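Participant: what shape does this take:
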Amino acid sequence: MKLLSFAFCAVTALGCEHALAEVWQPSAGHTQMPIWPGTPPDTKPMSGPETVGRVEKKLAASPGRM
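Facilitator: Residues are numbered from 1 along each chain as shown. Model (predicted):
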């Protein structure tokens, strides 16, 4: 069972290597166009780096309750 788990992990790790591409490139015959050819409208500078956190505030009723 350990050998099977190891083989699965190795195949998964090696199969995900293509996801490490630096920059996306369009396929042959297609061109990449920028969404905004300059600064996007109504941009606001950020005060610092983005953070990830947990929100404790309930946004809706609990699932499964009516």
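
Participant: next, Leu4: secondary structure please.
Facilitator: Recorded secondary structure, Leu4: helix (DSSP: H, G, I helix; E, B strand; the rest coil).

Participant: quick one: it and Val11, what's the gap?
Facilitator: Leu4 is 11 Å from Val11, where distance means Cβ to Cβ, to the nearest Å. Every C-beta, even on glycine, is put in place using the N, C-alpha and C of the backbone.

Participant: now do the helices in the chain.
Facilitator: 2-15 (DSSP state H).

Participant: so where is it shaky, pLDDT-wise?
Facilitator: Residue ranges of the chain with pLDDT under 70: 14-22, 58-66.

Participant: do a quick rundown of the strands in it.
Facilitator: Read by DSSP state E, the chain holds no strands at all.

Participant: what about Pro45, neighbour count?
Facilitator: Neighbour count for Pro45, taken as other Cβ atoms under 10 Å: 4.

Participant: the one 4 residues further on now?
Facilitator: A count of neighbours around Pro49, defined by other Cβ under 10 Å, yields 5.

Participant: got it, and the one 5 residues further on?
Facilitator: Arg54 sits with 4 neighbouring residues when counted by other Cβ under 10 Å.

Participant: now it: how far from Gly48?
Facilitator: For Arg54 relative to Gly48 (Cβ to Cβ), the value is 19 Å.

Participant: from Lys44, how far off is Trp36?
Facilitator: Per Cβ to Cβ, Trp36 is found 15 Å from Lys44.

Participant: which of those two has more neighbours?
Facilitator: Remark: of Trp36 and Lys44, Trp36 carries more neighbours, 8 against 5, as counted by other Cβ under 10 Å.

Participant: could you check how far that one is from Ala13?
Facilitator: Taking Cβ to Cβ as the measure, Trp36 falls 37 Å from Ala13.

Participant: again with Ser27
Facilitator: Using Cβ to Cβ, one obtains 26 Å as the distance from Ser27 to Ala13.

Participant: neighbour count for these two, which is higher?
Facilitator: A side-by-side neighbour count of Ser27 and Ala13, using other Cβ under 10 Å, places Ala13 first with 9 against 5.
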